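take this sequence and fold it.
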Amino acid sequence: MKCLFSILALAALALAGQPASAADAAALYTGHCLSCHGLNRLGAMGPALLPESLERLKRKDAQATIRDGRPATQMPAFGQVLSADEIETLTGWIYSPVSPPPSWSEADIRASRVEHFPKGSLPDTRQGAVATADPMNLFIVVEAGDHHVSVLDGDRMERIHRFPSRYALHGGPKFSPDGRYVYFASRDGWISKFDIWNLKVVAEVRAGLNTRNTAVSSDGRYVAVANYLPGNLALFDADLRLIKLIEGRNLKGDLRSRLSAVYDAAPRRSFIIGLKDVPEIWELSYDPGAAPIHDGYVHDYKMGEAIATPGFLNPRRTALDEVLDDFFFTQDYIHVVGASREGRGQVVNLDIRRAISRLDLPGMPHLGSGISWLREGRRVVASTNLKDAQVSVIDMQSWRSVAAIPTLGPGFFLRSHENSPYAWVDSMMSPTARDTLQVIDKRSLEVVAQIRPEPGKTFAHVEFDRHGRYVIASLMEKDGALIFLDAASFREIKRLPASKPIGKYNLFNKIQRSEGTSH
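Residues are numbered from 1 along each chain as shown. The predicted structure follows:
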């Protein structure tokens with residue numbers, strides 16, 4: 001009650017002297033949007049609702065989103081709650097500028113850093129229950145229901161530790177290569193470094209105001225953070241000290257973009273960065289010996305006939321015909337398999353820095369959750385679809401469609417393991433089938449089983465243990481559970497209570513870049 005009073009008081013103070021229409025819009029925002037999109041519209045679990053972050057969204061489309069919700073997100077439909085006039089008023093307000101404009105500078109980032117435990121102050125050996133567990137078969141679980149994180153012993157299938165996290169963590173934490181540290185990113189920009197061996201949060205920093213995700217370099221020296229607001233890439237050392245900021249701009253510098261994703265490409269010793277508003281992919285090498293970057297035409301770069309940008313920690317750009325919203329990487333990270341929200345797919349070769357093939361991917365593929373495996377001597381990639389009830393399978397030599405496997409509904413996650421003949425897919429975007437996991441035989445490409453432990457409750461996101469013996473699936477409810485299932489028989493083994501577990505990752509599978517899990 002005190003928190004609600006404070007929020008309303010702040011809203012009242014902010015509206016003093018403003019016209020009634022502004023007051024009405026702010027009241028609508030406070031009542032329906034603030035819990036997800038944050039005070040001052042700066043973003044929290046949901047994105048920032050500011051003109052800077054809505055440049056690509058037409059007002060009529062924004063009104064439709066408020067009215068009808070948005071597929072593949074947690075944005076609900078308000079058409080039965082708000083009138084057409086209220087939706088129009090609210091839309092106009094979120095497109096109006098915040099005064100003064102929000103900013104988050106280098107000085108702000110540096111000032112925000114908190115060091116809970118100085119480097120070297122904690123033991124360099126595993127402590128307590130972690131010491132008796134297989135360090136590479138631990139799981140990290142993000143529980144969004146009450147904003148906590150759990151550490152699981154993968155052999156005993158038990159919870160070792162549970163601790164409160166920042167608000168609205170991204171579901172995909174990232175690990176240091178030795179498995180000691182895990183980095184979390186919250187939607188409102190906080191990056192937290194957690195020492196798994198000592199079960200302590202050791203450092204934190206606010207990298208931006210609306211953050212998409214983070215990546216850790218394969219040598220453990222760098223942490224990269226992709227920000228929607230402000231639109232930039234924030235690069236830190238392993239202890240979360242800021243190294244540099246790179247603005248999301250095109251080569252000419254006349255177009256700005258939000259940074260939608262960043263991934264570590266270990267074989268290339270680089271980060272791969274996605275841009276939300278500019279048709280480019282960036283590669284940022286953390287190899288000190290990286291070749292210089294020549295943007296534009298050069299007659300003979302070997303003769304030093306052009307002024308080059310150093311290749312170390314600077315973006316090498318690949319120009320595209322259209323913006324890519326979602327990515328999958330081949331195991332060698334030479335190719336990026338990408339798609340737009342409209343389903344137009346393409347394959348980009350990072351070595352020659354251009355698209356080499358188009359893909360037949362209807363609907364709204366979710367390549368970020370893609371997996372690959374060898375089938376009949378040829379490697380294939382499979383992707384869920386956020387709009388259509390199918391899993392698409394593509395041959396990675398010809399880049400042609402192999403199959404469209406019918407599912408019960410649009411799905412978000414697809415998972416497998418090198419030691420399993422099966423892939424598991426959810427239908428969590430379906431209003432009628434979100435409670436059912438389907439198991440696909442990777443050889444026949446047919447659904448061979450359905451698992452529905454709690455009718456009517458969302459059941460999704462499978463992760464294998466390091467050996468491929470069992471899977472953990474999430475009952476994504478406030479009073480939910482982590483359900484352990486035998487990977488061969490599909491029978492339930494055990495349950496642990498959990499509060500809306502949205503993501504869980506096995507250390508070995510993530511660090512070793514398993515072909516069955518997302519990167």
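
the spatially closest residue to Tyr222 that is not a sequence neighbour: neighbour count?
Nearest residue to Tyr222 in three dimensions, chain neighbours excluded: Tyr286, at 5.3 Å (Cβ to Cβ, 6 or more residues apart in numbering). All C-beta atoms are positioned from the backbone trio N, CA, C, and that covers glycine. Residues near Tyr286, counting by other Cβ atoms under 10 Å, number 19.

swap in Asn227?
Here the count is done by other Cβ under 10 Å, and Asn227 has 25 residues near it.

hang on, it packs against Arg206?
No: judged on Cβ atoms under 8 Å, Asn227 makes no contact with Arg206 at a distance of 10.4 Å.

now do the shared contacts for the two.
Among the neighbours of Asn227, those also in contact with Arg206 (Cβ atoms under 8 Å, 6 or more residues apart in numbering) are Gly189.

contacts only, for Pro453.
Counting by Cβ under 8 Å, 6+ apart, Pro453 touches 459, 475, 483, 492.

reformat those residues as a markdown table; add secondary structure and pLDDT.
Formatted as a markdown table, the contacts of Pro453 follow (DSSP: H, G, I helix; E, B strand; the rest coil; pLDDT from 0 to 100):
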| residue | secondary structure | pLDDT |
| --- | --- | --- |
| Phe459 | strand | 98 |
| Leu475 | strand | 98 |
| Ile483 | strand | 98 |
| Glu492 | strand | 98 |
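
now flag whichever of those residues is closest to Ala62.
Within the set of these, Phe459 lies nearest Ala62; the separation is 31.9 Å, counting by Cβ to Cβ.

which ones are touching that closest one?
Residues in contact with Phe459 (Cβ under 8 Å, 6+ apart) are 426, 428, 434-437, 451-453, 473-476, 483.

what's around the closest residue to it other than its chain neighbours, how many residues?
Nearest in space to Phe459, with sequence neighbours left out and distances taken as Cβ to Cβ, 6+ apart, is Asp435 at 5.1 Å. Taking other Cβ under 10 Å as the neighbour definition, Asp435 ends up with a count of 21.

what about Asp435, distance to Gly480?
Distance, Asp435 to Gly480, by Cβ to Cβ, to the nearest Å: 12 Å.

check Leu251 too.
On the measure of Cβ to Cβ, Leu251 and Gly480 end up 46 Å apart.

who has more neighbours, these two?
In terms of neighbours (other Cβ under 10 Å), Gly480 is the more surrounded of Leu251 and Gly480; the figures are 24 against 13.

just the buried residues of the contacts of Phe459.
426, 428, 434-437, 451, 453, 473-476, 483 (16 or more other Cβ atoms under 10 Å).

can you pull the contacts of the residue nearest to Asp237 when sequence neighbours are not counted?
Using Cβ to Cβ, 6+ apart and skipping residues adjacent in sequence, the residue nearest Asp237 is Ile243, 6.0 Å away. Contacts of Ile243 were listed using Cβ under 8 Å, 6+ apart, and they are 222, 235-237, 313.

quick check, Ile243 in a helix?
No: the assignment for Ile243 is strand, going by DSSP: H, G, I helix; E, B strand; the rest coil, so no helix is present there.

where does pLDDT dip in this protein?
The chain contains residues with pLDDT under 70 at 1-23, 44, 52-53, 55-56, 71-73, 296-306, 343.

mutual contacts of Asp435 and Gly480, please.
Taking Cβ under 8 Å, 6+ apart as the contact criterion, the common neighbours of Asp435 and Gly480 are Lys457.

any idea which strand is longest in this structure?
Of all the elements of type strand in the chain, the one with the most residues (DSSP state E) is strand 365-375.

ok, now how distant is the residue lying closest to Thr330 once chain neighbours are set aside from Asp332?
Nearest residue to Thr330 in three dimensions, chain neighbours excluded: Met396, at 6.6 Å (Cβ to Cβ, 6+ apart). Taking Cβ to Cβ as the criterion, Met396 is separated from Asp332 by 11 Å.

with Thr132 instead?
Per Cβ to Cβ, Thr132 is found 37 Å from Asp332.

again, but for Pro362
Using Cβ to Cβ, Pro362 is found at 27 Å from Asp332.

so which of these two has more stuff around it?
The neighbour count for Pro362 versus Asp332, taken as other Cβ under 10 Å, is higher for Pro362 (16 against 11).

give the contact list for the more buried one.
For Pro362, the contacting residues are 343, 385, 388, 392, 404, taking Cβ under 8 Å, 6+ apart as the criterion.

kindly report the same for Ala403.
By Cβ under 8 Å, 6+ apart, the residues touching Ala403 are 392-393, 445.

and the strand or helix carrying it, what's buried?
In this structure, Ala403 is located in strand 401-406 according to DSSP states H and E. Residues 402-405 are the ones in strand 401-406 that count as buried (16+ other Cβ under 10 Å).

now these in CSV, with distance to Asn419?
Shown next, in CSV, are these (distance: Cβ to Cβ, whole Å):
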residue, distance to Asn419
Val402, 22
Ala403, 23
Ala404, 26
Ile405, 21
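
show me which of the residues you listed is closest to Ile94.
Ranking these by separation from Ile94, with Cβ to Cβ as the measure, puts Ala404 on top at 37.6 Å.

so that closest one sits against Gln390, correct?
Yes: counting by Cβ under 8 Å, Gln390 is a contact partner of Ala404 at 4.7 Å.

for the stretch 301-450 of the chain, what spans make up the helices?
Under the criterion DSSP state H, counting those that start in this stretch, the stretch 301-450 of the chain contains no helices.

let's check: the centremost residue of the chain is which one?
Asn213 (5.1 Å; Cα atoms, centre = their mean).

contacts only, for that one.
Counting by Cβ under 8 Å, 6+ apart, Asn213 makes contact with 170, 172, 185, 225-226, 261-262.

in three-state terms, label Gly503 for me.
If you use three-state DSSP, then Gly503 falls in the strand class.

spatially nearest residue to it (excluding sequence neighbours)?
Setting aside the residues directly before and after it, Gly503 is nearest to Gly171 in space (Cβ to Cβ, 6+ apart), at 3.0 Å.
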